[in-house]
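Student: Okay, predicted coordinates and the sequence, questions at the end:
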Amino acid sequence: MMLRWWLSTSALLSSLMIVLVLGFLLQSSWPLIQQQGIAFIIGDEWYPFESLYGMLPALMGTVWAVTLALLIALPCGVAAAIFCAELLPAQLRGAMRFSMELMAGVPSVVYGLLGMWVLLPLLESQLELLTGRTLLAAGLLLALMILPTIMVLSEDAIRAVRQSQREAAKSLGIGWDATLWRVLLPQAWPGIRVATLLATGRAMGETVAVMLVVGSIDRIPDPFYNFLQPAQTLTSRIGREMAEASIGSLHWAALLFCGLLLALIAMGLSFMTPRKRIAA
Amino acid sequence: MSVASQQYRYTPGKALVLLLALPALLIPTMVLCYIFWQAAPVLNWGFLFGTADGVGFGVTEGIFSQLVGSLLLAIMACLIAIPFALGTALYYRTFATPWQQRLLNAMFNMLQGIPPIVFGLCGLVVLVNLFSWGVSLLSGAVVLAVVVLPLLVLNTLATLERIPNEYSEAGSALGLTKGAIILRLWLPRSWLQLLTGLLLAMARALSETAPIMFTATVFSGVVWPDSIFSPVTTLQTHIFYLAQEGNEPLLISIAWGSAAVLVLLVASFGLLARLLQKLGDN
């Protein structure tokens, strides 16, 4: 009886957690919605002191940073996965994989330190920018952070393709390149897709590292594809301004709404991810 | 032609793969080496076990109180999360209907995807302000517990799934209650893997910064927390503040030293987990 009580209570509580989180976020950001409607989501001006809470700059910043990170990390990560799975001798494969798992565990704040004191000076001197704090810096740093995730999961996907498929291709006289494009990658694609979606989620939610390098200026890049300008992401805005906002103010509500937005996008992403019951 | 020579023969595809893979393979290694190279000058026993005497701007010789703060938060978070994670996973295996199983699955996959900063925000609103726990060890530990909860639950589920059904069936055929089956059959068989999951959760809790930034930590002024309602200093936030505000080479080298210690700490939990997993597989 006691057992049943314990088990059901904990199951109920932990599955209610997500509802509680969303509920609290909505409840605390309600004053803003009540006062300004919902149109501020697509507003392009964020000036807390004038009660302007347009979400568009930070939304675009987030999308840009994540896109840049994926553009860099996806080709490199998948290529590295192919290299490890298909070309590397089996003895080295274990070591490579181990170091990748190690890299995946490096805390994000360490990447932040690296970005701040290595990447920013490098960008400033190489690209002759006034400030290295740009969307590009955030994208590069995020790429580095999601690389291990993409690599490890893609390697799993490629290695899961049956050996008989490779042998069949070889016996048909199909070369290595064609086997890769026509056999391995199409079959591993579902796995690579999951890796991409997980990496997208991680990149989107990353806070401290991005906050240190993105510049935190609430402005839509001009023109919109200019990623050499300082910008703001949803997470960096929360991180920067949460300490300044006074409790219960509209500013506070707007920041909590940023959190709600993040949570909703993340939930959308996990709906798109095919269910995998057992997490690695 | 032998298989080996074919594997290493040049093709344009291989060249492309190698070209793209090279940065992905080299840069992470370089990053790790760079961290330790930068940290080397400050890493010594005095740095590791020294504590702040004054309340200056991080110009302290040691990081011991930050180290203890980080570990304390992570351990408390895991202690809070364990009963819920274990209970939920066991409920899933014992009482849940298929419909409830699907729901729990969806919930935890979703919970895992939510960015940690969102939990930090909720912690700030609910724990710090509404419950008036303040910026404290307890608030931070509860927030971190929620962050590691999905990881622990999914890990425990994966472990329980590996127990053959015959075990539990034989158990119930012998008239064992559900409690006895859990205690006498499942636990002895899977405690090693459960411990592995716990170590991974510890590593995760140690590497999170965003959720504890507003809920548990201060930069200086605290050496040792004197109760669970006292704020702490942690390695993660120490690195963050030094990286952000530091303008002297000394401060930055302290940041690199702390980063190296944190990386080593997280990696050692990961390594230990891996070792246990190997032990459990055999």
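Tutor: Great, that's in hand. Numbering: from 1, shown residues only, chains lettered A, B, ... in the order given.
Student: which non-adjacent residue is nearest the residue in the stretch 101-250 of chain A that chain B sits nearest to?
Tutor: In the stretch 101-250 of chain A, no residue comes nearer to chain B than residue A:205, which is 2.4 Å away by CB to the nearest CB. All C-beta atoms are positioned from the backbone trio N, CA, C, and that covers glycine. Sequence neighbours aside, residue B:115 is the residue nearest to residue A:205 in space, at 2.4 Å (criterion: CB to CB, 6 or more residues apart in numbering or on different chains).
Student: My guess is the one you found contacts residue A:262. True?
Tutor: Yes: using CB atoms under 8 Å, residue B:115 is in contact with residue A:262, at 5.4 Å.
Student: in chain B, which spans are helices?
Tutor: Counting by DSSP state H, one finds helices in chain B at the ranges B:3-7, B:12-39, B:45-49, B:64-94, B:98-113, B:116-123, B:137-161, B:165-173, B:178-180, B:187-207, B:210-213, B:235-245, B:249-281.
Student: again, but for the stretch 1-150 of chain A
Tutor: Counting by DSSP state H, counting those that start in this stretch, the stretch 1-150 of chain A has helices at residues A:2-36, A:56-82, A:90-104, A:108-114, A:120-127, A:135-159.
Student: list the contacts for the closest residue to residue A:62 other than its chain neighbours?
Tutor: Spatially, and ignoring its direct neighbours in sequence, residue A:62 is nearest to residue A:233 (4.4 Å; CB to CB, 6+ apart). Residue A:233 is in contact with A:58, A:61-62, A:65, A:138, A:210, A:214, counting by CB atoms under 8 Å, 6 or more residues apart in numbering or on different chains.
Student: Report pLDDT for residue A:233.
Tutor: Predicted confidence (pLDDT) for residue A:233: 93.
Student: Could you point out which residue ranges in the chain have low pLDDT?
Tutor: I'll assume chain A. A:275-280 (pLDDT under 70).
Student: that's the wrong chain, I meant chain B
Tutor: Within chain B, the segments meeting pLDDT under 70 span B:1-7, B:52-61, B:221.
Student: spatially speaking, which residue is in the middle of it?
Tutor: residue B:204 (1.3 Å; CA atoms, centre = their mean).
Student: mind listing what that residue touches?
Tutor: By CB under 8 Å, 6+ apart, the neighbours of residue B:204 are B:147-148, B:151.
Student: Over to residue A:151?
Tutor: A:77-78, A:80-81, A:84, A:100, B:24.
Student: Tell me how many other residues surround the residue nearest to residue A:205.
Tutor: 26 (other CB atoms under 10 Å in any protein chain shown).
Student: close to chain A, is stretch B:69-88?
Tutor: Yes: applying CB under 8 Å from any CB of the partner chain, one finds stretch B:69-88 touching chain A at B:83-88.
Student: Just give me the closest of those residues to chain A.
Tutor: Of the residues of stretch B:69-88 next to chain A, the one sitting nearest to chain A (CB to the nearest CB) turns out to be residue B:87, at 2.9 Å.
Student: Please, where are all the helices along the stretch 151-280 of chain A?
Tutor: According to DSSP H, counting those that start in this stretch, the helices that the stretch 151-280 of chain A contains are A:163-171, A:176-179, A:185-205, A:208-213, A:234-241, A:250-272.
Student: So for residue A:7, which of these sits nearest?
Tutor: helix A:250-272 (25.1 Å; CB to CB).
Student: Could you name the helices and strands sitting against the closest one?
Tutor: Identification of packing neighbours for helix A:250-272 by 3 or more CB pairs under 8 Å, 6 or more residues apart in numbering or on different chains; DSSP states H and E yields helix A:2-36, strand A:52-53, helix A:185-205, helix A:234-241, helix B:98-113, helix B:116-123.
Student: buried sites along it?
Tutor: Neighbour counts over helix A:250-272 (16 or more other CB atoms under 10 Å in any protein chain shown) mark A:250-263, A:265-267, A:269-270 as buried.
Student: shared neighbours, residue B:115 and residue A:262?
Tutor: A:204-205, A:235.
Student: Now neighbour count and distance to residue A:171 too, for those, in TSV please.
Tutor: Formatted as TSV, the shared contacts of residue B:115 and residue A:262 follow (neighbours: other CB atoms under 10 Å in any protein chain shown; distance: CB to CB, whole Å):
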residue	neighbour count	distance to residue A:171
A:204	23	45
A:205	26	46
A:235	30	51
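Student: mind putting these in TSV, distance to residue A:21 included?
Tutor: Shown next, in TSV, are the shared contacts of residue B:115 and residue A:262 (distance: CB to CB, whole Å):
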residue	distance to residue A:21
A:204	17
A:205	13
A:235	16
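Student: Which ChimeraX command selects the buried ones in the contacts of residue A:233?
Tutor: The buried residues among the contacts of residue A:233 can be selected in ChimeraX (16+ other CB under 10 Å) with this line:
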select /A:58,61,62,65,138,210,214
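Student: ok, of the contacts of residue A:233, which one's closest to residue A:12?
Tutor: Of all the contacts of residue A:233, residue A:12 sits closest to residue A:62, with 33.4 Å by CB to CB.
Student: quick one: that closest one from residue A:210, how far?
Tutor: Remark: distance between residue A:62 and residue A:210 (CB to CB, to the nearest Å) = 9 Å.
Student: quick one on the thing from earlier: out of the residues of stretch B:69-88 next to chain A, which are buried?
Tutor: Applying 16+ other CB under 10 Å to the residues of stretch B:69-88 next to chain A, the neighbour count classes B:84-88 as buried.
Student: Nearest to residue A:52 among those?
Tutor: Residue A:52 has its nearest neighbour among these in residue B:84, at 41.5 Å by CB to CB.
Student: Give me the nearest residue to the closest one, chain neighbours excluded.
Tutor: Spatial nearest neighbour of residue B:84, chain neighbours left out: residue A:10 (4.4 Å); criterion: CB to CB, 6+ apart.
Student: My understanding was that the one you found contacts residue B:83; is that so?
Tutor: Yes: counting by CB under 8 Å, residue A:10 touches residue B:83, with 6.4 Å between them.
Student: any common contacting residues for these two?
Tutor: Counting by CB under 8 Å, 6+ apart, nothing touches both residue A:10 and residue B:83.
Student: List the contacts of residue 122.
Tutor: No chain specified, so I'll use chain A. By CB under 8 Å, 6+ apart, residue A:122 lies in contact with residue A:132.
Student: could you do chain B instead?
Tutor: By CB under 8 Å, 6+ apart, the contact set of residue B:122 is A:20-21, A:24-25, A:259, B:143.
Student: what do you get if the cut-off is 10 Å, keeping everything else the same?
Tutor: Shown in contact with residue B:122 (CB atoms under 10 Å, 6 or more residues apart in numbering or on different chains): A:17, A:20-25, A:28, A:256, A:259, A:263, B:114, B:143, B:146, B:211, B:215.
Student: Ok, residue A:259 next?
Tutor: Counted by CB under 10 Å, 6+ apart, residue A:259 has contacts A:21-22, A:24-25, A:28-29, A:234-235, A:237-238, A:242, B:114-115, B:117-122, B:124-125.
Student: Can you give me the distance of the residue nearest to it when sequence neighbours are not counted to residue A:262?
Tutor: Spatial nearest neighbour of residue A:259, chain neighbours left out: residue B:121 (4.3 Å); criterion: CB to CB, 6+ apart. Distance of residue B:121 to residue A:262, given as CB to CB: 9 Å.
Student: Find the residues that touch each one of the two.
Tutor: A:25, A:238, B:115.
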